[in-house]
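Q: pasting the structure only:
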Ligand code: AMP
Ligand code: ZN
C-alpha cells in the first residue's frame, strides 16, 4: 500500500482537516508554504492520464470542495493548487493529490 493509501486507511497518522466518502484533506508533513495542505482522493491512482468517469467525478468533487473549505483552512486571501505529474514535476508520491498552498504571498 502507498503512503497515502495508508493515511486514508488510518495506518499512518496525519493531521486531517476534512474527510468525506471520496477524499481527505491533510496538512503536508513538510510544508512548502505558510499553509500547505494535500487533498487526497481515497481511490488509489497516480496520474490524471489514468482518469475514468468515476475518477473524473472524484477530481471534480475535490475541486468544488476545496473552495468551500477556504475559510476553515485559513486561506481567505487566496491559494494555489498544484498537481505534480511524473518525474519532471518531481512527483514523489504516486497517488494523485492536489497541493493547496497559501497563507502568504507565494513566490512564483
Ligand atoms: P509530490 O512531490 O507532489 O508527490 O508531493 C508529495 C507530498 O507529500 C510532499 O509535499 C510531502 O511533503 C508530502 N508527504 C509525504 N509523506 C507525507 C505524510 N506522511 N504526511 C503528510 N504529507 C506527506
Ligand atoms: Zn495510494
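A: Ah, there it is. All of these numbers come straight from a predicted model, not from anything done at the bench. Ligands and ions are numbered 1, 2, ... in the order given.
Q: going forward, measure contacts and count neighbours with C-alpha atoms only.
A: OK.
Q: Start from the N-terminal end of the chain and give the helices.
A: Along the chain, counting by DSSP state H, helices occupy 3-8, 53-68.
Q: elements contacting the longest one?
A: With contacts defined as 3 or more Cα pairs under 8 Å, 6 or more residues apart in numbering; DSSP states H and E, the secondary structure elements packing on helix 53-68 are strand 35-41.
Q: at 10 Å what do you get?
A: Packed against helix 53-68, as judged by 3 or more Cα pairs under 10 Å, 6 or more residues apart in numbering; DSSP states H and E, are the following elements: strand 23-27, strand 35-41, strand 79-82, strand 98-102.
Q: same check, this time on the shortest one
A: Using 3+ Cα pairs under 10 Å, 6+ apart, the elements in contact with helix 3-8 are strand 16-19, strand 23-27, strand 35-41.
Q: Could you point out which of the helices of the chain sits nearest ligand 1?
A: Smallest distance to ligand 1 across those (Cα to the nearest ligand atom): 6.4 Å, for helix 3-8.
Q: how close does the residue lying closest to residue 96 once chain neighbours are set aside get to residue 104?
A: Spatially, and ignoring its direct neighbours in sequence, residue 96 is nearest to residue 46 (4.6 Å; Cα to Cα, 6 or more residues apart in numbering). The spacing between residue 46 and residue 104, counted by Cα to Cα, to the nearest Å, is 29 Å.
Q: Now do the residue most central in space within the chain against residue 61, distance only.
A: The residue lying closest to the centre of the chain (Cα atoms, centre = their mean) is residue 39, at 2.2 Å. Remark: distance between residue 39 and residue 61 (Cα to Cα) = 11 Å.
Q: Between these two, which contacts overlap?
A: Shared contacts of residue 39 and residue 61 (Cα atoms under 10 Å, 6 or more residues apart in numbering): residue 23.
Q: near ligand 1, which residues of the chain show up?
A: Within the chain, the positions lying close to ligand 1 (Cα under 6 Å from any ligand atom) are 14, 27-30, 84, 90-93.
Q: ok, now with 5 Å
A: Contact residues, the chain versus ligand 1 (Cα under 5 Å from any ligand atom): 28-30, 84, 91-93.
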